[in-house]
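Enquirer: pasted the sequence and its predicted model underneath.
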Amino acid sequence: MVTPMKGRTTCPECKKEFILDLPKDCKKHQVVCPECGNKFDVFAKYEKTSKGKECAWEEHGEPRKTILSAINPKTNKPMIAAIILICVFAIGFATSVFSQEFIESTLDVAANVGLNSDVEIYLTNQTNLTIEDAEIILNGQTVPHKRDGIYYKANVKPGIQTIEVTRADYKIQRAEILVTPFFKSEVKIKLEEGEGQADNIYFDNIGCSVIIAVFTVFALFAMIACLERRNGDVAIAGSFLGIFSFGFFFIGSILSIIAFVLIMISRDEFRDASKGKHF
């Protein structure tokens, strides 16, 4: 009776790499690819080297050597990351539903710890021609003109801020803008010709709700990948993008960072990881 041996081979048709058992002899054996069903011949023999047991394979007359890599034991890191990411999803979902309340309270915390951002305001008239020589007041301070109708101010406190725009021959315009840390806030305002006060422009939280919801969904996809220990790239990308779901008091961002680190540490446990535990 010939004792079987394990070895790794690659399908010449679909390039699927898989492990199979063959007798320790020098005969050709027909194998079937588990991915595409392609049949091909391999030639195997057993060798003993100083490095341990080694298999020499010949596929269609082309020999190559490969040493079976050890499969690392599974840890609970992907499961912990999945639990963390479901918390990120829950916090992000609640934040998107009650976005204005959460945004204001979260940005108040960011402002209290000294975080700030930059604001860029682009002024045009109703025919989209740029407007210069306007006076823009933000938090009691003048926003200086930069170029081509763009007004720029750095180190602005996060939160929902009110700006007032005054320009000769145009109505006074007041508008609420959202200033967030880490991202430059870009605002486009159209002025109306005439005198007096134009209608106030209030901050619309619907857009923020949609953005938060989108980043929250990425965290959900990453959670599913962690539970299945598949699609390592999805788990890594989803946990990273989940950082930008923010969540109440940035708890979602902190949890996403923790999940991202756990996934990176255990990425070899995913069946399609770069080191390939998929056979």
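Expert: Looks like it came in fine.
Enquirer: low-scoring stretches of the chain, by residue?
Expert: Across the chain, the ranges flagged by pLDDT under 70 are 1-6, 24-27, 43-73, 248-249, 272-279.
Enquirer: can you give me the strands for it?
Expert: Here the chain has its strands, by DSSP state E, at 4-10, 17-23, 28-32, 39-49, 52-59, 62-66, 117-124, 135-138, 141-142, 145-147, 150-156, 159-166, 173-179, 185-190.
Enquirer: of all the ones you listed, which one is nearest residue 264?
Expert: strand 17-23 (23.8 Å; CB to CB). C-betas here are computed from N, CA, C, even on glycine.
Enquirer: helices and strands around that closest one, which ones?
Expert: strand 4-10, strand 28-32, strand 39-49 (3 or more CB pairs under 8 Å, 6 or more residues apart in numbering; DSSP states H and E).
Enquirer: so can I have a markdown table of the strands of the chain showing mean neighbour count?
Expert: Below are these laid out as a markdown table (neighbours: other CB atoms under 10 Å):
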| stretch | mean neighbour count |
| --- | --- |
| strand 4-10 | 17 |
| strand 17-23 | 14 |
| strand 28-32 | 12 |
| strand 39-49 | 14 |
| strand 52-59 | 15 |
| strand 62-66 | 11 |
| strand 117-124 | 19 |
| strand 135-138 | 18 |
| strand 141-142 | 10 |
| strand 145-147 | 13 |
| strand 150-156 | 16 |
| strand 159-166 | 17 |
| strand 173-179 | 19 |
| strand 185-190 | 16 |
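Enquirer: in JSON lines: these, plus distance to residue 250.
Expert: As requested, the strands of the chain are exported to JSON lines (distance: least, CB to CB, whole Å):
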{"stretch": "strand 4-10", "distance to residue 250": "46"}
{"stretch": "strand 17-23", "distance to residue 250": "43"}
{"stretch": "strand 28-32", "distance to residue 250": "53"}
{"stretch": "strand 39-49", "distance to residue 250": "55"}
{"stretch": "strand 52-59", "distance to residue 250": "50"}
{"stretch": "strand 62-66", "distance to residue 250": "48"}
{"stretch": "strand 117-124", "distance to residue 250": "14"}
{"stretch": "strand 135-138", "distance to residue 250": "24"}
{"stretch": "strand 141-142", "distance to residue 250": "26"}
{"stretch": "strand 145-147", "distance to residue 250": "30"}
{"stretch": "strand 150-156", "distance to residue 250": "18"}
{"stretch": "strand 159-166", "distance to residue 250": "14"}
{"stretch": "strand 173-179", "distance to residue 250": "15"}
{"stretch": "strand 185-190", "distance to residue 250": "18"}
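Enquirer: grab the most central residue of the protein for me.
Expert: residue 241 (2.6 Å; CA atoms, centre = their mean).
Enquirer: okay, stretch 244-254 in PDB with CA atoms only?
Expert: What follows is stretch 244-254, C-alpha atoms only, in PDB (Å, rounded to 0.1, in the frame of the first residue of the first chain):
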ATOM      1  CA  PHE A 244     -15.700  58.800   9.100                       C
ATOM      2  CA  SER A 245     -19.200  57.800  10.400                       C
ATOM      3  CA  PHE A 246     -18.100  59.800  13.500                       C
ATOM      4  CA  GLY A 247     -21.100  58.800  15.700                       C
ATOM      5  CA  PHE A 248     -22.000  60.400  19.000                       C
ATOM      6  CA  PHE A 249     -19.000  62.100  20.600                       C
ATOM      7  CA  PHE A 250     -16.800  60.400  17.900                       C
ATOM      8  CA  ILE A 251     -17.300  57.100  19.700                       C
ATOM      9  CA  GLY A 252     -18.000  55.500  16.300                       C
ATOM     10  CA  SER A 253     -14.700  56.700  14.900                       C
ATOM     11  CA  ILE A 254     -12.700  55.400  17.900                       C
END
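Enquirer: next, the buried residues of that stretch.
Expert: By neighbour count on 16 or more other CB atoms under 10 Å, the buried set for stretch 244-254 is 244-253.
Enquirer: closest to residue 152 among those residues?
Expert: Ranked by distance to residue 152 (CB to CB), the buried residues of stretch 244-254 are led by residue 244 at 23.5 Å.
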